[in-house]
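Participant: Got a sequence here, can you build the structure:
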Amino acid sequence: QPVRAVEAFQDHNLLVLLGDAGSGKSAFLRNVMARQCGTLLGERPRKSATPATDLGKLLPILVTLRDLVPRLVALDIDRLGDAKRAQALCHALEDQLADDLESLGAKSFADTLRERLQAGSVLLGFDGLDEVPEAARERVRETVSAALRAWQVKRVVVTCRTRSYEGKGELRGFTAF
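Facilitator: Numbers count the residues shown, from 1 in each chain. So this is what the prediction gives:
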């Protein structure tokens with residue numbers, strides 16, 4: 001049964017936001033992230049459809065999955081034990097975030113970002129699971145799970161087209177709307 005994105009976001013810390021192409025999943029996620037940035041900068045929130053959920057000091061981090069996936073699939077981790085595998089996936093995610101910061105001219109923020117990740121004081125947004133080749137979705141699922149365990153992240157939102165959210169890409173412990 002359809003639920004408003006605002007309600008789903010307010011009620012669930014681990015959320016998969018599903019919808020058809022062009023339904024506003026990515027726009028919603030970007031608005032949530034922008035609003036949290038504004039909150040951290042001391043801006044007063046404007047009226048909008050974006051939730052007024054109190055996220056405290058969580059640093060919003062947006063990961064575009066189509067950018068991350070090449071790095072993940074290039075990892076040679078099939079023979080590693082679970083702990084080393086999870087560590088390699090988390091490092092790949094950190095490296096992608098550092099590259100993203102560099103491309104934005106914010107490389108000096110990389111150490112702060114790593115500290116916030118290690119403390120789990122972030123709002124992680126993974127955008128576009130449906131844009132990940134089906135063969136790589138399990139690797140993405142493993143990366144999200146590894147990040148949750150390693151950094152004890154409490155708030156995660158993943159966007160995906162409804163028809164693409166099945167099989168190996170489904171995220172355990174997440175509520176999908």
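Participant: and D78, how many neighbours?
Facilitator: 6 (other CB atoms under 10 Å). For every residue, glycine as well, the C-beta is placed using N, CA and C.
Participant: Equivalent analysis for L129, please.
Facilitator: The number of residues packed near L129 is 26, by other CB under 10 Å.
Participant: Show me the shaky parts of the chain.
Facilitator: In the predicted model of the chain, residues 1-2, 45-53 satisfy pLDDT under 70.
Participant: For the nearest residue to H12 once chain neighbours are set aside, what are phi and psi?
Facilitator: Counting by CB to CB, 6 or more residues apart in numbering, T175 is the residue found nearest to H12 once chain neighbours are left out, at 4.5 Å. Backbone torsions of T175, given as degrees, to the nearest 10, read phi -100, psi 130.
Participant: Show me the beta-bridge partners of T175.
Facilitator: Residues in a beta bridge with T175, per DSSP bridges, are L15.
Participant: Using the three-state scheme, assign G42.
Facilitator: Classification of G42 using DSSP: H, G, I helix; E, B strand; the rest coil returns coil.
Participant: and it, how many neighbours does it have?
Facilitator: G42, neighbours per other CB under 10 Å, totals 6.
Participant: So it versus L58, what's the distance?
Facilitator: Distance, G42 to L58, using CB to CB, to the nearest Å: 15 Å.
Participant: Now do P60: how many residues are near it, please.
Facilitator: 22.
Participant: before we move on, back to that, give me every residue that touches the residue nearest to H12.
Facilitator: Residues in contact with T175, defined by CB atoms under 8 Å, 6 or more residues apart in numbering, are A8, H12, L14, L15, V16.
Participant: Report the buried members of those.
Facilitator: Neighbour-count burial within the contacts of T175 applies to A8, H12, L14, L15, V16; the criterion is 16 or more other CB atoms under 10 Å.
Participant: Identify the farthest-apart pair in those residues.
Facilitator: Using CB to CB, the pair of these lying farthest apart is A8 and L14, separated by 11.0 Å.
Participant: wait, what's in contact with E115?
Facilitator: If a contact means CB under 8 Å, 6+ apart, then E115 has no contacts.
Participant: Now do it against M33, distance only.
Facilitator: 19 Å.
Participant: before we move on, what about L15?
Facilitator: Distance, L15 to M33, using CB to CB: 14 Å.
Participant: same deal with V6?
Facilitator: Where M33 is concerned, V6 sits at a distance of 15 Å (CB to CB).
Participant: So for those two, which sits in the more crowded spot?
Facilitator: Higher neighbour count among V6 and M33: M33, with 20 against 16, using other CB under 10 Å.
Participant: need the next SSE after whichever strand or helix holds that one, C-terminal direction.
Facilitator: Per DSSP states H and E: M33 is located in helix 25-40. Proceeding N to C from helix 25-40, the next assigned helix or strand is strand 59-64, under DSSP H and E.
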